[in-house]
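Coordinates for the following, if possible.
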Amino acid sequence: MSDKVKSIILTEFGGLDKIKVMDWPINSTNLRTKELEVKVSICGVNFADVYTRLGFLPHLETPRVLGLECVGTVVNVGIEVDQFIVGQRVLCYRWTGGLYRERVIIEEKYCFAVPDNLSDEQLVCLPSQYLTAYFALFDFGNLRPNQSVLMHSCVGGVGCAVTQLCKTVPNVTIHGTTSAHKLEVAKLKGVHHVFSLADLNKQNHRYDIIIDPLGGHYSAINQSLLKHLGRSILIGASSLIGSKDPPSTSGNTVEYLDLVMNNRAVCGLHVGLICENAPLRVKACMEHLFTLCMEEKIAPIVHATFTFDQIQNAQEELLERRNIGKILLRPH
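Residues are numbered from 1 along each chain as shown. Now for the predicted structure:
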């Protein structure tokens, strides 16, 4: 037997009108042995849900519940759950979605125990944005003192995370692109050198690390801006999407000889699949992020909080690049 809870449903691939808020079945009476039932307090809004909506990930069938991350309180546990108890606050992250609900059923392996002295708002910013920034800078990027980093969309959720994490390494110079009206804001947030994306081709500077959430033809430009031994890390394809445009996954190929002759590396980063394939590494990284948060070396920035009923407005805010930091959702 199952009851129903308020949920954000993608009814089929397409525009914003394909997202509906409705009561959707949840089987909370027969938890599997390693599952938790969590009462959700807050969720995070991410480009990944836009990619899903537009059909970039066609193996994720519709109709489906959206939402990659949430914070809430455990209200029930399966008989083999050994890391969590009823009443405990948890952070949940599952890259295939399903977390935009008043209550969620989720496997124990996708949940993190959290410190009491971090707020729900701080915590929910960490999985998609800060884990992405962390793996890009330190695992793929091997960031070291005195290096330079270029971050596109530098005052978005990942951009703010990158800027803050760069400042945990001595003498790192942070460059960023953003919309013309956000240039001064980016400087206030700690980016040293800011310019419009339209000026990317005009740059004489070369970078040790470039973090690329844009994809498309920008990937080839980024490769040309790397120093010898430079690394470009692709984390998204936001330049290929728009609420009114059909989805496209076409892009430029990597020229192997170009990589060899210029000593460059090009990487692709999918945090959700790292969670699936290297969970212990993710857990260690998340615990480090908790510590950095508590030490106030990083401070998640919240742009705005919407309710579930305003999900279309929240995605529009993201698509129009109006956000400075993270966009959040509450069930009510």
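
Low-confidence stretches in the protein?
Segments of the chain classed as low confidence (criterion: pLDDT under 70) are 1-2, 242-253.

the helices in it, which residues?
With DSSP state H, the ranges of helices along the chain come out as 47-53, 120-124, 131-134, 157-166, 183-188, 218-224, 256-262, 271-277, 279-294, 311-319.

hey, C-alpha coordinates of the longest one in CSV?
What follows is helix 279-294 as a C-alpha-only set of coordinates in CSV (Å, rounded to 0.1, in the frame of the first residue of the first chain):
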residue,chain,number,x,y,z
PRO,A,279,31.5,6.5,-2.5
LEU,A,280,34.3,6.5,0.1
ARG,A,281,36.1,9.3,-1.8
VAL,A,282,32.9,11.3,-1.9
LYS,A,283,32.3,10.8,1.8
ALA,A,284,35.8,12.0,2.7
CYS,A,285,35.4,15.0,0.4
MET,A,286,32.0,15.8,1.9
GLU,A,287,33.3,15.6,5.5
HIS,A,288,36.2,18.0,4.4
LEU,A,289,33.6,20.4,3.1
PHE,A,290,31.6,20.2,6.4
THR,A,291,34.9,21.1,8.2
LEU,A,292,35.6,24.0,5.8
CYS,A,293,32.1,25.3,6.4
MET,A,294,32.4,25.1,10.1
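
neighbouring contacts of that helix?
By Cβ atoms under 8 Å, 6 or more residues apart in numbering, the surrounding residues in contact with helix 279-294 are 91, 109, 112, 114-115, 117-118, 122, 126-127, 130-131, 134-135, 165, 168, 271, 274-275, 298-300. Quick note: C-beta positions are derived from backbone N, CA and C, even for glycine.

re earlier: in a markdown table, list the helices of the chain along with distance to I327 and mean neighbour count.
Formatted as a markdown table, the helices of the chain follow (distance: least, Cβ to Cβ, whole Å; neighbours: other Cβ atoms under 10 Å):
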| stretch | distance to I327 | mean neighbour count |
| --- | --- | --- |
| helix 47-53 | 11 | 22 |
| helix 120-124 | 11 | 23 |
| helix 131-134 | 15 | 25 |
| helix 157-166 | 8 | 26 |
| helix 183-188 | 16 | 16 |
| helix 218-224 | 23 | 19 |
| helix 256-262 | 36 | 11 |
| helix 271-277 | 18 | 17 |
| helix 279-294 | 19 | 16 |
| helix 311-319 | 5 | 19 |
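
Out of these, the one nearest V86 is which?
Judged by Cβ to Cβ, the one of the helices of the chain that comes nearest to V86 is helix 120-124, at 18.1 Å.

elements contacting the closest one?
Contacts defined by 3 or more Cβ pairs under 8 Å, 6 or more residues apart in numbering; DSSP states H and E place helix 120-124 against strand 35-44, strand 69-77, strand 89-93, strand 326-330.

Break the protein into its domains for me.
Domains of the chain are assigned by automatic domain parsing as 3-125+301-330, 128-271.

start to end distance for stretch 64-84?
End-to-end span of stretch 64-84 (Cα to Cα, to the nearest Å): 27 Å.

Now do the buried residues in it.
For stretch 64-84, a neighbour-count test (16 or more other Cβ atoms under 10 Å) marks 64-74, 76-78, 81, 84 as buried.

Need the nearest residue in space to the residue nearest in space to the middle of the chain, chain neighbours excluded.
The centroid of the chain falls nearest to S128 when counting by Cα atoms, centre = their mean (2.8 Å). Sequence neighbours aside, N46 is the residue nearest to S128 in space, at 4.8 Å (criterion: Cβ to Cβ, 6 or more residues apart in numbering).
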